[in-house]
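Asker: Take this sequence and fold it.
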Amino acid sequence: MEDKIIAKEAVAKVSYARISSRKVKVVIDLIRNKNVGDAMAILKFTPKAAAPIVEKLLKSAIANAENNFGMDVDKLYVSEVYANQGPTLKRVQPRAQGRAFRIRKRTSHITLAVKERE
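Answerer: Okay, the predicted model is just below:
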């Protein structure tokens, strides 16, 4: 039997983020497989609503890697990041002639993992 070396991976998640997963996916595609320093710079200057949420999540993943696994922050990169759709909050807006219009407030679950480069 061969022993496989399992690469340590620090994960951070945010559940029920009040933003559509479609909007988040645009931002997370920018940072996938980038070094954490580059990813932080990209997120800081990206004018999208999801950028501050993903930036906070990245900081959390970096802190998890450093404190829980003793990884070197300079060698870290974003190994995996994805956003899934969460539950939709349904609200009603009154319309003309007594009708009602449904507003869908979408949520998302975002997961971000960082690994050390060899």
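Asker: so where is the protein shaky, pLDDT-wise?
Answerer: For the chain, the stretches with pLDDT under 70 are 1-7.
Asker: right, and the helix or strand after the helix ranked longest in it?
Answerer: Counting residues, the longest helix found in the chain (DSSP state H) is helix 51-69. Toward the C-terminus, helix 51-69 is succeeded by strand 76-85 as the next helix or strand (DSSP states H and E).
Asker: Now do that next one: everything it contacts.
Answerer: For strand 76-85, contacts defined as Cβ atoms under 8 Å, 6 or more residues apart in numbering pick out 9, 21, 24-25, 28, 31-36, 39, 54, 58, 62, 65, 106-117. Where C-beta positions appear, they are placed from N, C-alpha and C, glycine not excepted.
Asker: returning to what we had before: any residues touching the longest helix of the chain, and which ones?
Answerer: Contact with helix 51-69 is made by 8, 10-14, 17, 19, 24, 27-28, 31, 36, 39-40, 43-44, 71, 73, 76, 78, 81, 110, 112-114, 116, as judged by Cβ under 8 Å, 6+ apart.
Asker: hang on, the earlier thing: go ahead and build a ChimeraX selection from the buried members of the contacts of strand 76-85.
Answerer: In ChimeraX syntax, the buried subset of those is picked out as below (16 or more other Cβ atoms under 10 Å):
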select :9,21,24,25,28,31,34,35,36,39,54,58,62,65,106,107,108,109,110,111,112,113,114,115,116
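Asker: Next, check the contacts of strand 76-85 against the strands and list the overlap.
Answerer: Under the assignment DSSP state E, the contacts of strand 76-85 contribute 9, 108-116 to strands.
Asker: which one of those is nearest Arg102?
Answerer: Distance to Arg102 across those (Cβ to Cβ) is lowest for Ser108, with 19.3 Å.
Asker: Sounds good, over and out.
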